[in-house]
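Trainee: Build me a model from this:
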Amino acid sequence: MDLDDVPPQGAAPSGHRLVDAAAGLCALIISVVSLWVAITNGHTNKQLVAANSWPFLQLMNQNDDEQGNLIIKLAVQNAGVGPAKVKTFEVFWDDQPMKGSVELLRACCGYQMTGFGPETQNSSRPMVPSTSIVAGNVIRAGESIKMLSLPLGEDNKVVWHRLDAARFKMRFRACYCSVFDECWISDLAALTPKPVRACMVPIVAYQE
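Mentor: A predicted model of the protein is given here:
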């Protein structure tokens, strides 16, 4: 047999153009579907990883502790499932950004820098709120950072009760990121924080 008469290896054409075209089309469809499945699975896996590392910051706002003691406590809590890198933190009173707790308490509640209000001139114990810096910290899932706390005492009744009412009128804004540097801006109240590419440095940051 002449070598020129040997048919090429591989699938031989059927001799019917429609059948050959249909077979080629099926092969193309299978390839496209396989590619789509691979892309979809990759996207789904990425979403699952992101969901398992998703942080969600919210405000803890209370006026007593577990023992029933009257203490105003404002804290930022991570209610998500992944750590939150807090890039910026802002507090507003009457739409004005506050530099820290002393300025905030002075503006909202008549706090005196000396630690004594006009109604407690004879007090012997200074009124000092406890504060912490929120921005620049990593809050792990289920944990919180105290922003401000003030127990009720004989020396601070007026300011304490003013703060107890004012804490619901304060506004907050935090920008935080996940471990994959996905970032959000939140008012610590809404269930849908706004995604952003990066956290911008605020003009006035809250510095405890």
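Trainee: can you give me the helices in the protein?
Mentor: Per DSSP state H, the chain has helices spanning 17-51, 101-109, 157-166. These are given in chain order.
Trainee: Just the buried residues of the second one, please?
Mentor: It refers to helix 101-109. Applying a neighbour-count criterion of 16 or more other C-beta atoms under 10 Å, the buried positions in helix 101-109 are S101, V102, E103, L104, L105, C108, C109. C-beta here means a position set from N, CA and C on the backbone, and glycine is covered the same way.
Trainee: Can you get me the centre-to-centre distance for that helix and its chain?
Mentor: A distance of 26 Å separates the centroid of the chain from that of helix 101-109, by C-alpha atoms, centre = their mean, to the nearest Å.
Trainee: Alpha carbons only: can I get it in PDB?
Mentor: Taking only C-alpha atoms (Å, rounded to 0.1, in the frame of the first residue of the first chain), the coordinates of helix 101-109 have been written out as PDB:
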ATOM      1  CA  SER A 101     -13.000  63.100  74.800                       C
ATOM      2  CA  VAL A 102     -12.300  66.300  76.700                       C
ATOM      3  CA  GLU A 103     -13.500  68.500  73.900                       C
ATOM      4  CA  LEU A 104     -16.500  66.300  73.300                       C
ATOM      5  CA  LEU A 105     -17.500  66.300  77.000                       C
ATOM      6  CA  ARG A 106     -17.000  70.000  77.200                       C
ATOM      7  CA  ALA A 107     -19.200  70.600  74.100                       C
ATOM      8  CA  CYS A 108     -22.000  68.200  75.000                       C
ATOM      9  CA  CYS A 109     -22.100  68.200  78.700                       C
END
